[in-house]
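Enquirer: need coordinates for the following:
(chains A and B)
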Amino acid sequence: DAGVIQSPRHEVTEMGQEVTLRCKPISGHDYLFWYRQTMMRGLELLIYFNNNVPIDDSGMPEDRFSAKMPNASFSTLKIQPSEPRDSAVYFCASSRTGRGGTEAFFGQGTRLTVV
Amino acid sequence: AQSVTQPDIHITVSEGASLELRCNYSYGATPYLFWYVQSPGQGLQLLLKYFSGDTLVQGIKGFEAEFKRSQSSFNLRKPSVHWSDAAEYFCAVGANTGTASKLTFGTGTRLQVTL
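Expert: Numbering: from 1, shown residues only, chains lettered A, B, ... in the order given. Coordinates of the predicted model:
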C-alpha cells in the first residue's frame, strides 16, 4: 500500500484566497483524521471521520475551515478565506477499527504558507 | 481531558550513547500510548505503542518504552543511539473510547546526535 497520500506537498497562497488540501487514506481504513502542526501549538487534531461521517470537529479553529469526506478514499480540508495565521503543516492520518490496528498512519503533510 | 507532557524540548547525545526521552500523561482511565518520530520535512512514523499487557514495549529501530502507571510515564529508551536517530520525537495518548488513534500529542523532543 502506498500509505496515506496528501496533496499538494507545498502550497503558497495569498491572504483571502481559498485553499483546498487533499487526502487519500489507506485502503480499508475507516477512520480519517486531520491534524495541524505549528510551532506555537504543536500537533492538534482538527477533525476526524468514521466511515466518512464527521465525528468530532471541535478542533476546527473557525468557520473558515471545513472538511469533507465524500467517499472512503478521499477527503478535503478547505480554508476560505485563508489568513497568514493559517500557515502550518497539515497532516492527514488514517486508521482502522480494532485494538490491534488502531494506530494512526500519517501522510507526509502539506506545508501551507499564506502570505 | 487527556494531556501529554514532554519536559525536554531538546536533547543532545553522542552517537553510541544511551537515550531516554521522558513522557508523562494525564488520563482518567487506562491509556493507549504511542511514540512517533518525525524527520525533517516528513510525516510521523510510529515507533511503538502500548495498549495493554506487558509494560515494556519493543518498537522499531531498536527503541523500547516502559509504561509505569504509578508514575504516569511512558519513557522512550534506546541503548545505543545512531546518527540517523536525529529527529523529533512525539509521545501521544489515544482515547480509549471510539478509537485509540484519536491522539493528543506532547510538544515533542528534538534529538540531536553528535558524532
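
Enquirer: chain B contacts on chain A?
Expert: Contact residues (Cβ under 8 Å from any Cβ of the partner chain) of chain A with chain B: A:4, A:31, A:33, A:35, A:42-45, A:48, A:50, A:55-56, A:91, A:93, A:95, A:97, A:99, A:102-109. Every residue, glycine included, has its C-beta placed from N, CA and C.

Enquirer: out of these, which sit inside strands?
Expert: The strands, defined by DSSP state E, take in A:31, A:33, A:35, A:42-45, A:48, A:50, A:55-56, A:91, A:93, A:95, A:105-106 from the residues of chain A next to chain B.

Enquirer: centroid residue for the chain?
Expert: Picking chain A for this. residue A:34 (3.1 Å; Cα atoms, centre = their mean).

Enquirer: hmm, no, I was thinking of chain B.
Expert: For chain B, the residue nearest the mean C-alpha position is residue B:35 (3.3 Å; Cα atoms, centre = their mean).

Enquirer: what residues are up against that residue?
Expert: B:21, B:23, B:46-49, B:59, B:63, B:65, B:74, B:76, B:89-92 (Cβ atoms under 8 Å, 6 or more residues apart in numbering or on different chains).

Enquirer: kindly report the same for residue B:76.
Expert: Residue B:76 sits next to B:19, B:20, B:21, B:23, B:35, B:47, B:48, B:63, B:64, B:65, B:89, B:91 when contact means Cβ under 8 Å, 6+ apart.

Enquirer: now with 7 Å?
Expert: B:21, B:23, B:35, B:63, B:65, B:89 (Cβ atoms under 7 Å, 6 or more residues apart in numbering or on different chains).

Enquirer: now do residue B:43
Expert: By Cβ under 7 Å, 6+ apart, residue B:43 lies in contact with A:91, A:106, A:107, A:108, A:109.

Enquirer: what sits closest to it if chain neighbours are left out?
Expert: Nearest non-adjacent residue to residue B:43, counting by Cβ to Cβ, 6 or more residues apart in numbering or on different chains: residue A:106, 4.1 Å away.

Enquirer: that neighbour and residue A:93 touch, don't they?
Expert: Yes: counting by Cβ atoms under 7 Å, residue A:106 touches residue A:93, with 4.6 Å between them.

Enquirer: count the neighbours of residue A:65 for me.
Expert: 20 (other Cβ atoms under 10 Å in any protein chain shown).

Enquirer: how many neighbours does the closest residue to it other than its chain neighbours have?
Expert: Leaving aside its sequence neighbours, residue A:65 sits nearest to residue A:79 (Cβ to Cβ, 6+ apart; 5.6 Å). When neighbours are counted by other Cβ under 10 Å, residue A:79 registers 22.

Enquirer: swap in residue B:80?
Expert: Going by other Cβ under 10 Å, the residues that sit close to residue B:80 add up to 12.

Enquirer: next one: the one 5 residues further on
Expert: The local packing count at residue B:85 equals 20, with neighbours defined by other Cβ under 10 Å.

Enquirer: was I right about it contacting residue B:113?
Expert: Yes: between residue B:85 and residue B:113 there is a contact at 5.9 Å, judged by Cβ under 7 Å.

Enquirer: who in chain B is up against chain A?
Expert: B:34, B:42-44, B:46, B:49, B:51, B:90, B:99-103, B:105, B:107-108 (Cβ under 7 Å from any Cβ of the partner chain).
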